[in-house]
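*Asks:* model this:
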Amino acid sequence: MNVSSTTSGTSNPLPVFIVEASQAIRERLVDMITAIDGTCCAGAATIAAIPDILQAHPDTVILDIRLPEGNGFDVLRALRHHAPDIQIYAVSNHSTPAHRQLAYRLGASAFFDKTIEIEAMRELIAQRAARRLRITTTSITQ
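*Replies:* Numbering: from 1, shown residues only. Have a look, this model is predicted:
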């Protein structure tokens, strides 16, 4: 699924790429991202789509750590190696302390439990988009 919806006509939206095993959750995440002012969904996949992510040059990746083929920890490790500046938000329904610790050790920017912390992730993405919009607007007016 390749998505490139932009919100509110922002000329320099914050691109977010979603890697999520569940189609229903993936679609909800795409809807959530595109509803945030100043963001766009740079792409979405069900499997470890490292080449697609790197080609899309997203600012942020929402990464399910439990994927049907491979696992999100391997994707996280590869992304940190190839694109260390990408914000990677690991998500899971299995948010044990061990999963959280491993995600952070491998370089996750944040870890969210899909069942209870999605709103916190949405807020973090909205804050990043607002900062990007302020920076873009400031550089245009100078």
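
*Asks:* what is the longest helix belonging to the chain packed up against?
*Replies:* Longest helix of the chain, by residue count under DSSP state H: helix 118-141. Under the contact criterion of 3 or more CB pairs under 8 Å, 6 or more residues apart in numbering; DSSP states H and E, helix 118-141 touches strand 14-19, helix 23-34, strand 39-45, strand 60-64, strand 87-92, strand 110-113. In this view, the C-beta of every residue, glycine as well, is placed from N, C-alpha and C.

*Asks:* what do you get if the cut-off is 7 Å, keeping everything else the same?
*Replies:* strand 14-19, strand 110-113 (3 or more CB pairs under 7 Å, 6 or more residues apart in numbering; DSSP states H and E).

*Asks:* and of these, who's closest to G70?
*Replies:* When the helices and strands packed on helix 118-141 are compared by CB to CB, strand 14-19 sits nearest G70, at 10.2 Å.

*Asks:* export the closest one to PDB, keeping only CA atoms.
*Replies:* The C-alpha coordinates for strand 14-19 follow below in PDB (Å, rounded to 0.1, in the frame of the first residue of the first chain):
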ATOM      1  CA  LEU A  14       6.200  15.700   7.900                       C
ATOM      2  CA  PRO A  15       6.500  12.300   6.100                       C
ATOM      3  CA  VAL A  16       5.600   9.200   8.200                       C
ATOM      4  CA  PHE A  17       6.000   5.600   7.000                       C
ATOM      5  CA  ILE A  18       4.000   2.900   8.600                       C
ATOM      6  CA  VAL A  19       5.000  -0.800   8.900                       C
END
